[in-house]
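Novice: Sharing a sequence plus its predicted fold:
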Amino acid sequence: MELPIEQALQQGVAAHKEGKVQDAEKLYRAILQSQPLHPDANHNLGVLAVSVNKADLALPLFKTALEANPKIEQFWLSYIDALIKEKQFENAKQVFEQAKTQGMAGDKLNVLETQLTPTAQVNEPKLAVQNKNLSFSQKRKKPSKKKNIKKKAKKQNLKANNPSQQQLNSLLEHYQNGRFSDAEKLAMHITQAFPKHQFAWKVLGAVLGATGRNSEALNANQSEVALYPQDAAAHNNLGVTLKELGRLDEALASCRQAIELKPDLVEAHYNLGNALKELGRLDEALASYTQAIVLKPDLAEAHYNLGNTLTELGRSDQAIANYAQAIELKPDYVEAHSNLGNSLNELERLDEALACYTQVIELKPDYADAHYNLGNGFKELGRLDEALACYTQAIALKPDYVEAHTNIGNTLHDLGRYDEALASYTQAIALKPDYAGAHYNLGMLLFESKKYNLAAEQFELCDTHESKLYGIKCSYFHDKESVFYEKFDFLVNQGVVNAALGSLGLQSKAKYGIKKSNPFCNDPLKHVLKTNLNELYDFEKIFIDTAKDVLTDKSVSYKEQGHLTNGVQTSGNIFTQGKVPKTDIKSIIYTEIEKYRFQFKDSKEGFIKNWPTSYEIKGWLICMQRGGKLAPHIHDTGWITGSIYINVPPKSETDSGNLVLCLSDQYHVLGVEKSQQSIIDVVTGSLCLFPSSLHHYTVPFEEKEERIVLAFDVIPK
């Protein structure tokens, strides 16, 4: 039975690799009988011909492969190499230029280019021209025998000062086929025997760089430049090596010298962009990558790094187009797919981001970062079990992946599996003792367990505002007044403004009787705004129906919530789940937030005066059954906290199911000083906005209907 073409090709390649030349040839020819223009079969048959020194027979095969698929770099390399072997240097030059117009670039192509220069060939075109000129000048007078001897001696001397064509071909073949050890040995031999021959230095530098020995590569690149200071490619190669060694200013100089010598040298513009990006000179890097793209619009790497630079500049929306272009030019560009996913994730286009990460895994199943990123996406969507599976796979591929261990801990924490979460954080710290993220999350786990001394030890090992704030909380709850005020004053003097610090200032006054300057909000109860959304929007269609859609979505997980009794809370960000992103809910909330800001625009409080220049909102649904309640708490990372009441059961008591806002979570204060709290009468359709430094809780209710609330935070970016 006749084999399918792809199966025949696979078997041919396998036989080829095993050295079964005749079997491979039969399979390739069988493919060409049914598909004469099949690019891979033509190319591989050509490779077989070259391997038995029949480059002339390979030429038409390589040409056919190229015409069928000019996007494959190896087809160009093989064709040019065969032309050089056949000493068809002018044809090789023409094909080389065609390769450049097709966007082909790289070390292997550069190495081939050097074989087209006078120093790379035994029968150098440049020397041939000189000999022709000499003969022409002596046509009027017959050369004497003595002069012929000198001429012959000169030719012999030229040959003696250059390696043989066979040596150069072998050197190039070793390098192209990844036989770096053989290439290095031969390059070393040639450079020692012919120290003034540039090509061997070029290959030696490329091999040493490819094997990570950049310090040694530097010497080879410098020798290459010294021999031919007008060779732009040599300066570019030197720039690449200097960048790898961290000598960025020198790298810039080399790349710029290459551009001065050859303004259209795409690689030099691209590598200049890389060095500038490394130096943090992002706008200049953008210009260099853009120039490289102008010269070669189909240079995928330039589009990719342009996207990376835009991402670093916070312009993820623009970066998406560049990553997409890189992928269009190079569909198997794993890194571009991955970073496209990251940018889409940044813009909260999670479904598209997940599709990108899934594509990365299809292209490269052992790419641990893709599994990790996919896990992050699932976690954001509230799909905790799937997130857990992704993180586990990332660790299976990369056992020392500390971020994955930490996020497994976070996911287990959300699932209420605290002992397992503790083990994951501990493992992450064992792998990387100075990893702040693991220490912080372990500290949070201990803090929630009221093990304040142990938690404080973990927070001390971090150096972030969040960890310092929780270190202060530990001293507050452990009743270390002097330590508390020392740390509190330090952060205030540092200019820190956030809800957690504001809340601590209010609580400490109630607990210790000492009034401190509050950088966030001294009187948050005067900054509460209640709105009836029923009067402004189609509340049932926009909010109630959407909430039902999320709550009936079986893919949505629910997280453990220590403050919640007789209820559940969705995991992840509600604004990425179900049909919520396709509704007006988010834009309505943004509108109401801006109304809030305008309402209090004349306030002297810190949270208004220091309103974040950009922010995001993250939300979740809370469903309570009869007897349900929320204990007093604040949202530490928020700036403004909001709650939209999707369904409030009829009240059997005056305050059943109402919202209580208070300055402290201390029950002895709540029960005695009514001035420290405000009870908000809420009904279905109510929106309440208040500073995130306010504690809030729910009055229990006994009605049979569910109490459903959409809660959210404004979080500074």
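Specialist: Yep, it's here. Numbering: from 1, shown residues only.
Novice: CA atoms for contacts and neighbours, from now on please.
Specialist: Fine.
Novice: Would you map out the domains in this protein?
Specialist: As recorded under automatic domain parsing, the domains making up the chain are 1-102, 350-523, 526-716.
Novice: Isn't L344 up against Y357?
Specialist: No - taking Cα atoms under 8 Å as the definition, L344 is not a contact partner of Y357, at 10.7 Å.
Novice: any idea of the pLDDT on the closest residue to L171 other than its chain neighbours?
Specialist: In this structure, L171 finds its nearest non-sequential neighbour in A183, 5.5 Å apart by Cα to Cα, 6 or more residues apart in numbering. Per-residue confidence (pLDDT) for A183: 80.
Novice: can you pull the buried residues of the helix or strand harbouring A183?
Specialist: In this structure, A183 is located in helix 180-193 according to DSSP states H and E. If you call a residue buried by 16 or more other Cα atoms under 10 Å, then helix 180-193 has these buried ones: F180, D182, A183, E184, L186, A187, M188, I190, T191.
Novice: list the contacts for the closest residue to the last one other than its chain neighbours?
Specialist: In this structure, T191 finds its nearest non-sequential neighbour in A200, 6.0 Å apart by Cα to Cα, 6+ apart. Under the criterion of Cα atoms under 8 Å, 6 or more residues apart in numbering, the contact list for A200 reads L168, L171, A187, M188, I190, T191.
Novice: same deal with E301?
Specialist: Applying Cα under 8 Å, 6+ apart, we find E301 in contact with A326.
Novice: Tell me the secondary structure at it.
Specialist: Under DSSP: H, G, I helix; E, B strand; the rest coil, E301 falls in the helix class.
Novice: middle-most residue in this structure, spatially?
Specialist: Within the chain, the residue whose C-alpha comes closest to the C-alpha centroid is N339; the distance, by Cα atoms, centre = their mean, is 4.3 Å.
Novice: Show me what the helix or strand that contains that residue is packed against.
Specialist: Taking DSSP H and E as the criterion, the element that holds N339 is helix 334-346. In terms of contacts (3 or more Cα pairs under 8 Å, 6 or more residues apart in numbering; DSSP states H and E), helix 334-346 is packed against helix 300-312, helix 316-329, helix 350-363, helix 368-380.
Novice: Report the buried residues of that helix.
Specialist: Neighbour counts using 16+ other Cα under 10 Å place V334, A336, H337, S338, N339, L340, G341, N342, S343, L344, N345 of helix 334-346 among the buried residues.
Novice: Contacts only, for the nearest residue to the fourth one once chain neighbours are set aside.
Specialist: By that I understand S338. The shortest distance from S338 to any residue other than its chain neighbours is 5.9 Å, reached at Y357 (Cα to Cα, 6+ apart). Remark: with contacts taken as Cα under 8 Å, 6+ apart, Y357 is in contact with H337, S338, G341, A370, H371, N373, L374.
Novice: Could you pull out the strands in the protein for me?
Specialist: With DSSP state E as the definition, the chain shows strands at residue ranges 529-532, 558-559, 564-570, 615-630, 640-647, 659-662, 677-680, 686-691, 695-698, 707-716.
Novice: what lines up beside the last one in the sheet?
Specialist: Based on DSSP bridges, the pairing partners of strand 707-716 within the sheet are strand 615-630 (antiparallel), strand 640-647 (antiparallel).
Novice: quick one: the longest one to chain centroid distance?
Specialist: What that stands for is strand 615-630. When distances are taken as Cα atoms, centre = their mean, to the nearest Å, strand 615-630 is centred 33 Å away from the chain's centroid.
Novice: Just the angle for it relative to strand 564-570, thanks.
Specialist: When axes from the mean of the first three to the mean of the last three Cα atoms, to 10 degrees is applied, the directions of strand 615-630 and strand 564-570 differ by 150 degrees.
Novice: Give the buried residues for strand 615-630.
Specialist: Residues of strand 615-630 classed as buried: 617-630 (neighbour count, 16+ other Cα under 10 Å).
Novice: Next: stretch 31-50.
Specialist: For stretch 31-50, a neighbour-count test (16+ other Cα under 10 Å) marks 31-32, 37-50 as buried.
Novice: Return the closest of the residues you listed with respect to I514.
Specialist: Proximity of the buried residues of stretch 31-50 to I514 was ranked by Cα to Cα; the top entry is D40 with 80.4 Å.
Novice: contacting residues for the residue lying closest to that closest one once chain neighbours are set aside?
Specialist: Excluding the flanking residues, the one nearest D40 by Cα to Cα, 6+ apart is A65, at 6.7 Å. Under the criterion of Cα under 8 Å, 6+ apart, the contact partners of A65 comprise L37, H38, P39, D40, A41, N42, H43, F75.
Novice: One more: G657?
Specialist: G657 makes contacts with K629, V648, P649, K651, V682, T698, V699, P700, F701, R707, as judged by Cα under 8 Å, 6+ apart.
Novice: Measure how buried the third one is and give me the count.
Specialist: What that stands for is P649. By the other Cα atoms under 10 Å criterion, the neighbourhood of P649 contains 18 residues.
Novice: wait, isn't it in contact with E705?
Specialist: Yes - A contact is recorded between P649 and E705 when judged using Cα under 8 Å, the distance being 5.6 Å.
Novice: rewinding a little: the strands paired with strand 707-716 into CSV, with extra columns for mean pLDDT and distance to G567?
Specialist: Shown next, in CSV, are these (pLDDT from 0 to 100; distance: least, Cα to Cα, whole Å):
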stretch, mean pLDDT, distance to G567
strand 615-630, 92, 4
strand 640-647, 97, 14
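Novice: so which of those strands comes closest to G246?
Specialist: Among these, the nearest to G246 by Cα to Cα is strand 615-630 (36.0 Å).
Novice: For that closest one, give me every contacting residue.
Specialist: Judged by Cα under 8 Å, 6+ apart, the contacts made with strand 615-630 from elsewhere in the structure are 547, 563-575, 657, 697-717.
Novice: Regarding the spatially closest residue to S656 that is not a sequence neighbour, what are the backbone dihedral angles?
Specialist: Excluding the flanking residues, the one nearest S656 by Cα to Cα, 6+ apart is F701, at 4.7 Å. Reported as degrees, to the nearest 10, the phi and psi values for F701 are phi -130, psi 160.
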